[in-house]
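>>> Okay, predicted coordinates and the sequence, questions at the end:
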Amino acid sequence: MDLITYTWESARTLVELGGIVVAVQLVISTIGLAMVLYKFVQYLSVSDSRFRATDQLIDQWASGDREAALAKLGASNFALARDIKFGLEHIHTADRELLRDELSRRGMFFLRPYGSLLRALEIVYYLSPVLGLLGTVLGMIDAFRQLAAVAGTEKGSSALANGIWEALVCTAVGLVIAIIFTALHALIQTRLERVSEETSNLLTKVVTTGVGRG
């Protein structure tokens, strides 16, 4: 049995046990997983090596090899490199405070896509355990309804036990999803903070590097 078949069979079994609530949880988690994969791929474009390479080009510009540094920045497919190029080209002609504000604006625009979908991921791990609790409550209601129907017979205890067991599946699924996506969200948030720090550092360095250099 391959992985896809095993995953499908496992999901179907969970839905059979937990009902519509588990189905909704699995759909939400699938969407959440797609968002996580998208974010991981997106962050590949802002690796630490790209920041280091851009930092070295600022140093190259500061050492006097300006034309070559600007040419490399302009040819880079790293969006922030082009903002760095803009800053270096205008460092001696623009008002320094206005340039600082403009670079800050460009930095925010650069970072905006990398902060997207984080709220949606928060909804996944907030909503999953709540849905699990809802499923458990609904399952317990159904279990007691069945218990009432067979009250006084030897099937009563069995009906209650089966009902409780099936109802708790919803809570278990919700908690597992919440734990996984809480960890994934934390990883992405940590990476975003790192990218934000590196971006701020480079844009600040553009302004400070030009001080006293004509």
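Structure's in. What do you need? Residues are numbered from 1 along each chain as shown.

>>> can you pull the buried residues of stretch 86-94?
Across stretch 86-94, burial judged by 16 or more other C-beta atoms under 10 Å covers F86, G87, L88, H90, I91. All C-beta atoms are positioned from the backbone trio N, CA, C, and that covers glycine.

>>> Show me those residues that map onto helices.
F86, G87, L88, H90 (DSSP state H).

>>> residue contacts, the third one?
Right, L88. Contact partners of L88, counting by C-beta atoms under 8 Å, 6 or more residues apart in numbering, are I58, W61, R66, A69, L70, L73, V206, T209, G210.

>>> now swap in the first one and tell me
Applying C-beta under 8 Å, 6+ apart, we find F86 in contact with L103, R106.

>>> Quick check: it vs T208, distance?
16 Å (C-beta to C-beta, to the nearest Å).

>>> just to revisit the earlier point, any chance of the contacts of L88 in CSV, plus pLDDT and secondary structure?
What follows is the contacts of L88, written out as CSV (pLDDT from 0 to 100; DSSP: H, G, I helix; E, B strand; the rest coil):
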residue, pLDDT, secondary structure
I58, 95, helix
W61, 95, helix
R66, 94, helix
A69, 96, helix
L70, 95, helix
L73, 95, helix
V206, 93, helix
T209, 81, helix
G210, 61, coil
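
>>> Can you name the two of those that sit furthest apart?
L73 and G210 (14.4 Å; C-beta to C-beta).

>>> Neighbour count: the two, which is higher?
A count of neighbours by other C-beta atoms under 10 Å puts L73 above the other of L73 and G210, at 25 against 20.

>>> I'd say that one and Q56 touch.
No. Assessed by C-beta atoms under 8 Å, L73 is found out of contact with Q56, at 10.8 Å.

>>> Run through the strands of this structure in chain order.
With DSSP state E as the definition, the chain shows no strands.

>>> what's the weakest-modelled helix or strand in it?
Counting by mean pLDDT, DSSP states H and E, the chain has its least confident helix or strand at helix 3-18, which shows a mean of 77.

>>> residues of that helix that come out buried?
So helix 3-18, judged by 16+ other C-beta under 10 Å, has buried residues A11, L14, V15, L17, G18.

>>> quick one: contacts for the third one?
Applying C-beta under 8 Å, 6+ apart to V15 gives the contacts V22, A23, L26.
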